[in-house]
Every structure is written in C-alpha cells, then in structure tokens.
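In: Dropping the sequence and predicted coords here.
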2 protein chains.
Amino acid sequence: MTTDDRADAVRPERVARAYLLRVAEPPAPALARFVDEHGPVEAADRVRRGDTPDPVTAETEARAGQDLAHRDLREGAAVGARLVIPEDDEWPAWPLLSLQVAGARGVAGTAPPLALWTRGPARLDTATTHAVAVVGARAATEYGEHTAAEIAHGAAGEGITVFSGAAYGIDGAAHRGALAAGGGTVAVLGCALDVGYPAGHVGLVNRIAERGAVVSEYPPGTPPARHRFLVRNRLLAALTSGTLVVEAGRRSGSRNTATTAGVLGKVVMAVPGPVGSALSVGCHKLIRDAHATLVSSVTELIETVGVLDGAAGTGDAAPRRRTDGLDAESLRVYEALSTRRGRSPEEVAADAGVGISRARAVLPALELDDLAERTDSGWRRTRDGPGRAST
Amino acid sequence: MTTDDRADAVRPERVARAYLLRVAEPPAPALARFVDEHGPVEAADRVRRGDTPDPVTAETEARAGQDLAHRDLREGAAVGARLVIPEDDEWPAWPLLSLQVAGARGVAGTAPPLALWTRGPARLDTATTHAVAVVGARAATEYGEHTAAEIAHGAAGEGITVFSGAAYGIDGAAHRGALAAGGGTVAVLGCALDVGYPAGHVGLVNRIAERGAVVSEYPPGTPPARHRFLVRNRLLAALTSGTLVVEAGRRSGSRNTATTAGVLGKVVMAVPGPVGSALSVGCHKLIRDAHATLVSSVTELIETVGVLDGAAGTGDAAPRRRTDGLDAESLRVYEALSTRRGRSPEEVAADAGVGISRARAVLPALELDDLAERTDSGWRRTRDGPGRAST
C-alpha cells in the first residue's frame, strides 16, 4: 500500500461512511437521506453528537457510540477488503439509482447502501455494467444446479458478470459456472466479508474474491441473519440489469429478490421446470402471476435483459452510456420505464417522482433520442438504440 | 329410428349442408358467406347449377357434381353419426361466433364450419359450455403424457369437457384422463368419422363416442391429410374457452392450435417442462413469446380459463349466458375483448368490425353490465360478473 493509497483509505468521507455503516442497520432510509443532504462527514458528526432529526435518531441511537470506523477499515484491509463509497470513481451509481428512485417513492426496504465493503479485483462500476443476478433455492435439485451452472457459464462467456448470493444450491452453482467460463462473478453477502459464511463455501468465496468481487454492507464481524439476506437481496436486484430465478419453492428468498427487481424496474426472469417439482413451483408462480419472463437458455437470457447493448465483453471500464447528457429528471423518467411492459405517462410520472406534465414533455424527448418508444400499451424503454449504434 | 327422426334427418337444410360439406374443402370462406346470405337450400341449388359468384365457384366447381348428400347421411347413420347443422338446437353457435368474427375480419383459415358430423351422446351446445382443448405432440414424453392425463382427469372431474384431436401422445393421454374421471370428452378429427384413423386409437375413439362425442367436418370416407389437421385445429380452438398445450416441439401443430386460439380471442395456455427437453421447447416459446399463460395444474387451468363461471358441473344444458340480452353488435365487441390483455377501443373496433365511435359507445355499456372493465392497458373482458353472481 503506497502512502497515497493509505491517504485515500482514510479520507474523511470513507471514515465517516465506515462509522455510519456500523451505527445503522441497513436499510436506513432516513439516514441515507440525511447523508445525501449534509454529506457523510457532517452527517457522521451530527449522528455522533445525537444532533439529528427524529427518524435519523431512531435509526442510529442504539449504536451511535460505536465509533469503530478506523478499526473496521483496518480489519477490512486485513482480509483484503476495501470500503467503496459514493465518492469513489468505481461507485456503481447508475444501477443504484434504481434504489434511490424507489426510496424516493417511499417503497419500504429500498434505501440505497451508504457504502459497500468489497473484496476482489473487480471494480464495481465495471462489474455492474453488464450484469445479471442468478439466484435460487439452497435445497436445489440436480436439474436446477445444472441449469444454473450452464446459464451462468454461458453468460460469463459473453462478458456478463454473474451476481449471486454465495449460498448453497443454485447460488453456488451460478458462481461456479461463471468461474468455470473464466468470467467475472460477484457475490453479495448477508453478513460481513470476514465471517466465513456459509462454512462450506469459504473456498468458493475466496475464488470469487480472486477473480471478481465479494460485496457486503455489513462491517467486519457482522454475523448472518435471516433479515440480512432479505436486505441483501435488494442489492442483488439493484446492482444488475435483471434477476433470473432458477429454482424456488413456494416461499422463497429468491422470489423476494425477483419481486424487488420488479419494483426497481429491472427485468425479472425465471427458469421453468417439471410441473411436479416443488422446487419449480416458485419459478412457475413468478412467470404465471408476476409476469416474469420465461428463460430457458443463455440466448434467451441475453435477449431478455438486453445486457449486450453497447460495449459488453470489451472490458471497457467506462463505456459510453446511452443516457449520457440527460439531466437528472429525464434520467429518472428513463429509469421509470421498463423494456418489457408499456407504461402510461401517469404511471411513469408517479414512478419517477416528476409531475405528469413534465413526464409528458420528457417522454417524447427520450423518444427523439431513441431511448424510449411508444407502443400500443404505453411508453417503453427501447432495447437498443444509440448504445448499440455507437462504438 | 322413428319416422320423426328420419324426417328430421332428411330435412332439406341438412341434406343441403351434407351436399355442401362434400363439394367444398373446408375452410371455404366464400361458400360460408354465401350460405349465410341465401340459406343452405338455395345455396346448394345454386352451387349445383353453377350459378354462384366467382369466389364461391372457385371453392366448389371441382366437386359440384358430387351430389352424395343422401348417401353420406345414410353412411353416417350406419356408423352412428348425425350431421349437426346450424339450424339444430344443439349447434354450438356461441363458441363458433369467434370464427365468424375472425372470418369477417378476413383472417385466413377461420371460416366457420357449414355443419359438423357428430358421433356420440353429447350435445354440442352442452359439451362446449365449459370446455378446454388439451393438445400436444404425438411423440410425447412420459412426463408430457402423465401431465396431460392428470390435468384432463382433474378438469373432467370439475365438469369441464376436454377436447382434443385423438392423436397419439398428448391427445390420447388427455382423452384417456378425461374418460378415467368419468367425464365428457370430445375428439375433433382431421378425417371422416368412419376411416379408423389413427389405427391404434380406434378403440379409444369408440370409447369417446360412447361417452362424449367425436366430431368432424369431413364427409364419410375422407382420409386424413396434413392440411386437414391444421384446418381441424381451428375447430378445437373455436369450440373451447381455451387451449392448453402440454408438450410441443419447436415446429408443432399444437402451437398452430394455440396461435389460432389466440387469434380467436380464446385463452392460450402451455405447460412448462425441463429446459433440456425438446418436447417442451414449443411450450416455453408460447409462454415466452406469445404470452401464453403458464399452467402447471388443473387449479391453474380453471383459474385461467374461468370456465367455471356460471353453471359448470350442474349439467344444465342451457345455462344462462352472461351476454343474454346483448344485441349482435355489442356481442361482437364483447367477443373482441380478451380476459387477459387490455385492448384499445381502436383495436376492439377493428377486431369486432364495428366503427370506432360505436365501439367507444358500446364498451362503457358493457362495463355497466360488468362484462368489460377498463385497465391501465385498455379494455378487457371481466373474468366473472353476472354469470357468477346469478344462478
């Protein structure tokens, strides 16, 4: 570590966010807004002093005294982890915008992360440029694991980063398939990076950290917990263009990830299976009831997500975005559109949190830029356009 | 056979239609319109004399001299078949209205049948009141046949008549499942009732004819042919509320039935299967690309088709229709609505063949009657309503 690295590691925003990650259990919507408003350094100071509005106090008072930022940064570094913060170039601002939009709409449990503990060589902005989440049941069948590995392998071979949760079953098969293709894969955990969970996947997680990245909101030492997996799921959904559920029982955490992906305007997909299999029931329900798109091959996955628009597989760290040059409001309107289903201007306005007349003005402008199109059923995001045409 | 029966069998409309069924290969859209306009007796006379407009002449001139109506009626009677005609009480006018609407819109291959050769105790109006088509590949897997039999068995147990094509594979399994439940089942053939095709299903077809009905447009002696199966498929689609494809390869006749069902505004459904199975590819494509509804159980089938609205299972031969009392134009508008997808008034008007201003007037009237509803994506047929509320 050079002196510059060390200086960067202890820059005040990073120290402040390390402190804030520990004092509030994510998602902490009031704190996230407070940090947005005042910046992390002032926000951290005021949390320490207890000088915060009631909702922020409610989220932070139990642990406000735990000022372990420097220790956490040291302990993170000891296991090869860095704390990536919104002030860093590699912060995945674009995919996380979906959480900001949902959070602004008041959707519960969708506050953006304050920072992300990250272990591995992959930059988070690059890793999320062309990314899908491949998730599913822990108690998967051989069919499910085989299918997850096949699709992840094919996706990684096409330059798509496969995100998953490092759990037994489908998650593990997805990571392994991506690794076998020599591709990038990212594990997002519901515990700290240093707790070695799940025990049987420590070796797998280490391999992921060598080639891709392992990511968590939780400060060193945080044990896994049921609610943390649900909270983690919003990151899997947000950081990727779409979520593919490979196998899921009737009540399944993977369906939670898929539902969140839908709420965030991402593509929701599911793999079908034999109707007699209890592990396909959740997938079939997603397709039948939640209009998830049926995906039975990597070709269909790519066709559905459209992740190859633009610069996939080029390794370009900062590909030109289709939306470069859009103002923040137009970006929110764009973000509120789906590539699959048409939406009315009213619906778009509500989702984007802009006035209806503003949405009506912005939508035709997006159409001129080839970013949106009118269909029988309403306004839709275009699948390709400038992103594909350029480069 | 009593004297009355015999008189009824040789009533002039029946003789005329028996003649017309033989002289034109179905579907014969020009002839169907000509018969609608002039009635079957005058139409038959003019076809015999060659006194017909060019399109009708084109459909009939090759066989106009084959005046075998009395012989066909005798030969039909010899194998226990009657010729059911639109002038009979049991004619399934309501389901076949979908073909008339599609025919009027000029959709190729959707002319309604001129009459239906029918063998078996089931009345066609009763049999079609609560009916689904369960179809699929001939070279089915054990999984497919098992699933078809299970679902058909469950449906028949709920008082739904299972229609299929009596082919090997899925069709046969569907008929057998319905028979095993002691329920009604109807086979619609792509050849005459007396040719014993497919050879291995003669026994099955006889059992269907003992308990339900075997139906065909083709006069005695007509052999099966590839194009006749496709023409037959429109009857399976039209006579039922929805078509369920259980297994289908990439290029499959069952997908043709499903597509036709969609064109006719009926419900299109498909059973998923393992993604590695070539026999599930067609089903997955239907769900993915044609927005067929995924169905994995009889419960989901019933939920999707909504066939139990009203008087299912009561054996009531003439249940009260939700649409009793609607004028012909309103009925066409109602028929142009889908229970699944919202449609714009323009689309409904085009499909129903009424003016756009008329459609705009009729749709709110249907809404008041609880027959239609406005959704985000347009006008949709309601799933339940008076039909469920009454009785």
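Out: Happy to help now that I have it. Please read all numbers here as calculations on a predicted model, not as lab measurements. Residues are numbered from 1 along each chain as shown, chains lettered A, B, ... in the order given.

In: Run through the residues that contact the residue of the stretch 251-391 of chain A found nearest chain B.
Out: Using Cβ to the nearest Cβ, A:Pro272 is the residue of the stretch 251-391 of chain A that sits closest to chain B, at 3.3 Å. Any C-beta I mention is one placed from the backbone N, CA and C, and that applies to glycine too. By Cβ atoms under 8 Å, 6 or more residues apart in numbering or on different chains, the contact list for A:Pro272 reads A:280, A:283-284, A:287, A:294, A:296, B:272-275, B:280, B:284, B:287, B:294.

In: what do you get for A:Ala261?
Out: A:133, A:237, A:240, A:242-243, A:267-268.

In: farthest-separated two in those residues?
Out: A:Thr240 and A:Val268 (11.1 Å; Cβ to Cβ).

In: Those two: who's more crowded?
Out: Comparing A:Thr240 with A:Val268 by neighbour count (other Cβ atoms under 10 Å in any protein chain shown), the higher total belongs to A:Thr240, at 33 against 27.

In: Close to chain B: what parts of the stretch 1-150 of chain A are there?
Out: The stretch 1-150 of chain A comes close to chain B at residues A:143, A:147, as judged by Cβ under 8 Å from any Cβ of the partner chain.

In: With adjacent residues omitted, what lies nearest to A:Val79?
Out: Excluding its sequence neighbours, the residue lying closest to A:Val79 (Cβ to Cβ, 6 or more residues apart in numbering or on different chains) is A:Asp194, at 4.7 Å.

In: nope, A:Gln66 is what I meant
Out: By the measure of Cβ to Cβ, 6+ apart, the closest residue to A:Gln66 outside its immediate chain neighbours is A:Arg22, 5.6 Å from it.

In: ok now the helix or strand harbouring that neighbour, how far from the chain's centre?
Out: In this assignment (DSSP states H and E), A:Arg22 forms part of helix A:12-23. Centroid displacement of helix A:12-23 relative to its chain, using Cα atoms, centre = their mean, to the nearest Å, is 20 Å.

In: domain parsing for chain A?
Out: Per automatic domain parsing, the structural domains of chain A span A:1-68, A:119-305, A:328-389.

In: looking at these, which is buried most?
Out: With neighbours taken as mean count of other Cβ atoms under 10 Å in any protein chain shown, the domains of chain A reach their highest mean count in domain A:119-305, at a mean of 23.

In: Give the rounded mean pLDDT of it.
Out: In this model, domain A:119-305 has an average pLDDT of 95.

In: before we move on, what about stretch A:376-391?
Out: 57.

In: Which residues of the stretch 201-350 of chain A lie near chain B?
Out: So far as Cβ under 8 Å from any Cβ goes, the stretch 201-350 of chain A lies against chain B at A:271-276, A:280-281, A:284, A:287-288, A:293-297, A:300, A:342, A:344, A:347.

In: which stretches of chain A form strands?
Out: A:81-84, A:116-119, A:131-135, A:161-164, A:185-188, A:213-216, A:242-245, A:267-270, A:293-294, A:372-375, A:378-381 (DSSP state E).

In: picking that back up, so which of the domains of chain A gets nearest B:Gly39?
Out: Closest among the domains of chain A, using Cβ to Cβ: domain A:328-389, at 40.4 Å.

In: what separates the closest one from the chain centre, distance-wise?
Out: Distance, centroid of domain A:328-389 to centroid of chain: 22 Å (Cα atoms, centre = their mean).

In: With stretch A:46-58 instead?
Out: 28 Å.

In: likewise stretch A:136-151?
Out: On Cα atoms, centre = their mean, the centre of stretch A:136-151 falls 21 Å from the chain's centre.

In: Only alpha carbons, please: show it as PDB.
Out: In PDB, the C-alpha atoms belonging to stretch A:136-151 read as follows (Å, rounded to 0.1, in the frame of the first residue of the first chain):
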ATOM      1  CA  GLY A 136     -32.400 -19.700  -6.400                       C
ATOM      2  CA  ALA A 137     -33.100 -22.300  -3.700                       C
ATOM      3  CA  ARG A 138     -30.500 -23.600  -1.400                       C
ATOM      4  CA  ALA A 139     -32.000 -27.100  -1.400                       C
ATOM      5  CA  ALA A 140     -31.900 -27.200  -5.200                       C
ATOM      6  CA  THR A 141     -32.300 -30.300  -7.400                       C
ATOM      7  CA  GLU A 142     -29.600 -31.600  -9.700                       C
ATOM      8  CA  TYR A 143     -31.600 -30.200 -12.600                       C
ATOM      9  CA  GLY A 144     -31.600 -26.700 -11.000                       C
ATOM     10  CA  GLU A 145     -27.900 -26.700 -10.200                       C
ATOM     11  CA  HIS A 146     -27.100 -28.000 -13.700                       C
ATOM     12  CA  THR A 147     -29.300 -25.300 -15.300                       C
ATOM     13  CA  ALA A 148     -27.900 -22.500 -13.200                       C
ATOM     14  CA  ALA A 149     -24.300 -23.500 -13.900                       C
ATOM     15  CA  GLU A 150     -25.000 -23.800 -17.700                       C
ATOM     16  CA  ILE A 151     -26.700 -20.400 -17.900                       C
END
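
In: Fine, thanks again, bye for now.
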